[in-house]
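S.K.: Here is a sequence with its predicted model. Questions after.
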Amino acid sequence: MMKYQVIRNTKYDYAGQSYASLYPNLHKYPATMLPQIGVDILKEVNAAKGKLLDPYCGSGSSFASGLEYGLSEMHGFDINPLAVLISKAKFTKINLSSLKKAHKDFRNNLFEFMKDENNIKKLTHPRITNIEYWFSKDVISALMLIKHFIDKIKDTSIRNFFLVPFSETVRECSYTRNNEFKLFRMKPNDLLNFNPDAVSFYFKKWDDIFSLYSHFYFPKLENNVTVDVYHSSFQPRDNYFDVVLTSPPYGDSRTTVAYGQFSTLSNEWLGIDYARKIDGMLMGGTKPARNITTGIISDYISRIDKADKKRARDVSAFYSDLGNSIVKVANSICKGGKSIYVVGNRTVKNVQLPTDQFIAEKFEENNFKHLITYERALNNKAMPSRNSPTNESGKTANTMLFEYIVICEKM
Ligand SMILES: C[S@@+](CC[C@H](N)C(=O)[O-])C[C@H]1O[C@@H](n2cnc3c(N)ncnc32)[C@H](O)[C@@H]1O
C-alpha cells in the first residue's frame, strides 16, 4: 500500500503524440518532458498566473508549457551548459530580420574566407579530447571554420542561436552513434562510408532550426515574457515562486541517463573545459559517507545493500541530493503555490524505487501537502525503457513503463 495516493490517469498518456506536436525541440536532448503534460496539469491545478521555476530545466519543456498556459516570468537552472544553450535559444526573443541579416553576413564571410585554403591553417585549434578519434580531418577544419565565424558575432543572443545548429553539427558529423545517448564510436564499417560535408550540414540545420523557432517559439514570446536560464545548480529565493514544474533526473547520470556524456563533444567544442566531468557534478554524482536510513526510501536501499553495497551507496547519493534540493525548492515556493514533479521509478537490483513516494514525503516534511499523484503510461519519452538493473550482461528488465506526476501544495 502506497502512503501517498497514486491514480492511473490515461488522459496524461497522450498515446501516439510526440513532443513535436506542440513545441518541436530545436536540438536533441535526452529524457525530455512532453510539454502537453505541463500545459494540462497547470490548468488542472489552476496554477496562479505567476512565477514558474524549473530547477533542472534541461532543454526547457516546462517553459513551453508555462508559455502555453500564459505565464510570463519563468526561471530555470541546469548544470549542463548544452541544456542552458538550448533553453536560452528557444525562449529568447530575437528579431527575425536581425537573425536573417546575421545569417547572410555569416555565410558571405565564411565562403569568402574558404576561398583561400591557407586561411584554414590560421584558425585556432579547439581543445577536444581525442579529437581525431571522434572527427575526420575535414570535419575538424569545417567545425573550426564555423566556430571562428560564430565567435565573431557580437550580439550574445544571436551568437547563442547560431551555436544550436553548430552543436547539432558537432554531434551528427562526429563518429558517434547518433541513436545512442552514451558516447560510442561507430562500427569500423560505418566509419568507412561516413564523410559528411559539415559546412553544408550546418547551413541545413540552421535553416531547420530557424524555421522551428520562427513558427513555434517566436510568435508566442510576447514582449512581457522573460525566461531566465541559469548555468548553475538551483539557487533558492525565499517564498518567491508560485509554481514549480520539473522533470528531475530519475537516477545518477552514470547508471541512468548520461546527460553529460550525451553532451560531451558539443560542450568541448563550446569551450567548456570540464565537459568530461559533468556527469559527476549532476545529481547523485558524489557518494555520501553512509546510506540513507530514514524515510520511505530506506527499506528499499537496505534491500539493494544486501545484493550490492556499492549500488546502494550510489542510490543513496541520488536520493540524498534530490532530498536536499527539495528542501531548497520547498522554501522558495510561496504559500498556496504548487509543486509538480514528473518522475520515473527506476529499478536497481530488481528493487523498484518509489521516487514518486520519496518526492511526496520530502515535500510533506517541508510544509507541503500532497494533493495527488497520477500514473501515466510512458510511451513517448526518448530514453531506454529496458536496461540491465542487475548489471549482468544480457539480462534486462522493463524498468520505466510508467511515469508519475507528483502534485503538492504549500500550506
Ligand atoms: C530529465 S532532464 C530535464 C529534461 C527537461 N524537462 C526537458 O524537457 O528537456 C534532467 C536535467 O537535470 C539536470 N541536472 C542534473 N542534476 C542537476 C543539478 N544538481 N542541478 C541542476 N540541474 C541538474 C541534467 O543536466 C538534465 O538536463
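M.R.: Yes, it's here.

S.K.: from this protein, which residue is nearest to the ligand?
M.R.: Going by Cβ to the nearest ligand atom, the ligand is nearest to Gly58 of the chain, at 2.6 Å. From N, CA and C alone the C-beta is placed, and that goes for glycine too.

S.K.: hang on, that residue packs against Ser87?
M.R.: Yes - if you go by Cβ atoms under 8 Å, Gly58 and Ser87 touch, sitting 7.4 Å apart.

S.K.: Comparing the two, which shows the higher neighbour count?
M.R.: Between Gly58 and Ser87, counting by other Cβ atoms under 10 Å, Ser87 is the more crowded of the two (31 against 25).

S.K.: Can you pull the residues that touch both of Gly58 and Ser87?
M.R.: Common contacts of Gly58 and Ser87 (Cβ atoms under 8 Å, 6 or more residues apart in numbering): Asp78.

S.K.: who's in contact with the residue lying closest to the residue of the chain closest to the ligand once chain neighbours are set aside?
M.R.: Nearest non-adjacent residue to Gly58, counting by Cβ to Cβ, 6 or more residues apart in numbering: Ala83, 4.9 Å away. Contacts for Ala83 (Cβ under 8 Å, 6+ apart) come out as 29, 57-60, 259, 263.

S.K.: From these, which land in helices?
M.R.: Within these, residues falling in helices by DSSP state H are 259, 263.

S.K.: Show me which of the contacts of Ala83 is closest to Ile333.
M.R.: Nearest to Ile333 out of the contacts of Ala83 is Cys57 (Cβ to Cβ; 16.2 Å).

S.K.: Could you tell me how many residues sit around the closest one?
M.R.: Applying other Cβ under 10 Å, we find 29 residues neighbouring Cys57.

S.K.: Spit out the contact partners of the residue lying closest to it once chain neighbours are set aside.
M.R.: Spatial nearest neighbour of Cys57, excluding adjacent residues (Cβ to Cβ, 6+ apart): Gly76 at 3.1 Å. Residues in contact with Gly76 (Cβ under 8 Å, 6+ apart) are 53-55, 57, 60, 62-63, 87, 227-230.

S.K.: Over to Pro196?
M.R.: Residues near Pro196 by Cβ under 8 Å, 6+ apart: 139, 172-173.

S.K.: can you pick the most crowded of these?
M.R.: Ranked by neighbour count (other Cβ under 10 Å), these have Cys173 at the top, with 26 neighbours.

S.K.: any idea how far Met186 is from it?
M.R.: Distance of Cys173 to Met186, computed by Cβ to Cβ, to the nearest Å: 12 Å.

S.K.: ok, now Asn193?
M.R.: In this structure, Asn193 and Met186 are 9 Å apart, going by Cβ to Cβ.

S.K.: Over to Asp78?
M.R.: 29 Å.

S.K.: same question, Arg376
M.R.: The gap separating Arg376 from Met186 is 35 Å, by Cβ to Cβ.

S.K.: who's more crowded, those two?
M.R.: Arg376 (21 against 15).

S.K.: Within the helices and strands, which one has that one?
M.R.: Assigned by DSSP states H and E, Arg376 belongs to strand 368-377.

S.K.: Tell me which strands that strand pairs with, and in which orientation.
M.R.: Strand 368-377 has its sheet partners listed here by DSSP bridges as strand 6-8 (parallel), strand 402-410 (antiparallel).

S.K.: Can you give me the neighbour number for Arg8?
M.R.: By the measure other Cβ under 10 Å, the count of residues near Arg8 is 11.

S.K.: in terms of contact, does it touch Glu375 like I think?
M.R.: Yes - assessed by Cβ under 8 Å, Arg8 is found in contact with Glu375 at 4.6 Å.

S.K.: ok, Val227 - contacts?
M.R.: Shown in contact with Val227 (Cβ under 8 Å, 6+ apart): 60, 63, 74-76, 87-88, 91-92.

S.K.: From Tyr175, how far off is the residue most central in space within the chain?
M.R.: Nearest residue to the geometric centre of the chain (Cα atoms, centre = their mean): Gly58, 2.6 Å. Using Cβ to Cβ, one gets 25 Å for the distance from Gly58 to Tyr175.

S.K.: By mean pLDDT, point me to the weakest helix or strand of this structure.
M.R.: For the chain, using mean pLDDT, DSSP states H and E, the weakest element among its helices and strands is strand 386-387, scoring a mean of 44.

S.K.: Can you name the residues of the protein that neighbour the ligand?
M.R.: 29, 31-33, 56, 58-59, 61-62, 77-80, 83, 233-234, 247-249, 259, 282-283 (Cβ under 6 Å from any ligand atom).

S.K.: Okay, strands next: where are they in this structure?
M.R.: Ranges of strands within the chain are 6-8, 51-54, 73-78, 226-231, 241-246, 333-344, 347-348, 351-352, 368-377, 386-387, 397-398, 402-410, based on DSSP state E.

S.K.: Go through the ones you listed and find the least confident stretch.
M.R.: Ranked by mean pLDDT, those end with strand 386-387 at the bottom, a mean of 44.

S.K.: if I read this right, Leu71 contacts Asp54, doesn't it?
M.R.: No - under the criterion of Cβ under 8 Å, Leu71 makes no contact with Asp54, lying 11.4 Å away.

S.K.: Compare those two (neighbour count), which wins?
M.R.: Asp54 (31 against 23).

S.K.: That one and Thr264: what is the separation?
M.R.: Here Asp54 is placed at a distance of 23 Å from Thr264 (Cβ to Cβ).

S.K.: And Val406, by the same measure?
M.R.: According to Cβ to Cβ, Val406 and Thr264 sit 31 Å apart.

S.K.: what bits of the stretch 201-350 of the chain have low per-residue confidence?
M.R.: Applying pLDDT under 70 to the stretch 201-350 of the chain flags no residue at all.
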